[in-house]
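A.B. asks: how would this look folded up:
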Amino acid sequence: KQVRVAQVFNSVAPRYDLMNDLMSLGIHRLWKRQALSHCQIRSHHHVLDLASGTGDLALLIAPLLSSKG
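C.D. replies: Numbers count the residues shown, from 1 in each chain. A predicted model of the protein is given here:
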């Protein structure tokens, strides 16, 4: 069973964001941007994106953060 589950995840992973686009008609991208706007992330904040899947949220967060320590 573990092998089969791994095969399913491995087959879906490369197309996960595309599948979300198709299934939600792109609305999931708006939801993610809306969620980030509620977080009120500022350049001096530290953000941990834990178990983020494809990392698309991290890619949206990165420009909001400063590289200054």
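A.B. asks: Ala6: neighbouring residues, count only.
C.D. replies: 10 (other C-beta atoms under 10 Å). In this view, the C-beta of every residue, glycine as well, is placed from N, C-alpha and C.
A.B. asks: how many neighbours does Asp21 have?
C.D. replies: There are 14 residues near Asp21, going by other C-beta under 10 Å.
A.B. asks: quick one: average pLDDT of the helix or strand encompassing it?
C.D. replies: Here Asp21 sits within helix 16-24, counting by DSSP states H and E. What helix 16-24 shows for mean pLDDT is 88.
A.B. asks: where in this structure is pLDDT low?
C.D. replies: 67-69 (pLDDT under 70).
A.B. asks: For it, which segments count as strands?
C.D. replies: In the chain, no strands are found when defined by DSSP state E.
A.B. asks: ok, Lys32 - contacts?
C.D. replies: Asp56, Leu57, Leu60 (C-beta atoms under 8 Å, 6 or more residues apart in numbering).
A.B. asks: hmm, back to that, buried ones in the helix holding Asp21?
C.D. replies: Buried positions in helix 16-24, judged by neighbour count with 16 or more other C-beta atoms under 10 Å: Asn20.
A.B. asks: report the longest helix in the chain, please.
C.D. replies: helix 27-39 (DSSP state H).
A.B. asks: Now do that helix against helix 16-24, angle only.
C.D. replies: Computed by axes from the mean of the first three to the mean of the last three C-alpha atoms, to 10 degrees, the angle separating helix 27-39 from helix 16-24 equals 100 degrees.
A.B. asks: that older thread, pipe the contacts of Lys32 into JSON lines and attach distance to Ala13 and neighbour count per row.
C.D. replies: JSON lines is the format used below for those (distance: C-beta to C-beta, whole Å; neighbours: other C-beta atoms under 10 Å):
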{"residue": "Asp56", "distance to Ala13": "13", "neighbour count": "16"}
{"residue": "Leu57", "distance to Ala13": "16", "neighbour count": "17"}
{"residue": "Leu60", "distance to Ala13": "19", "neighbour count": "16"}
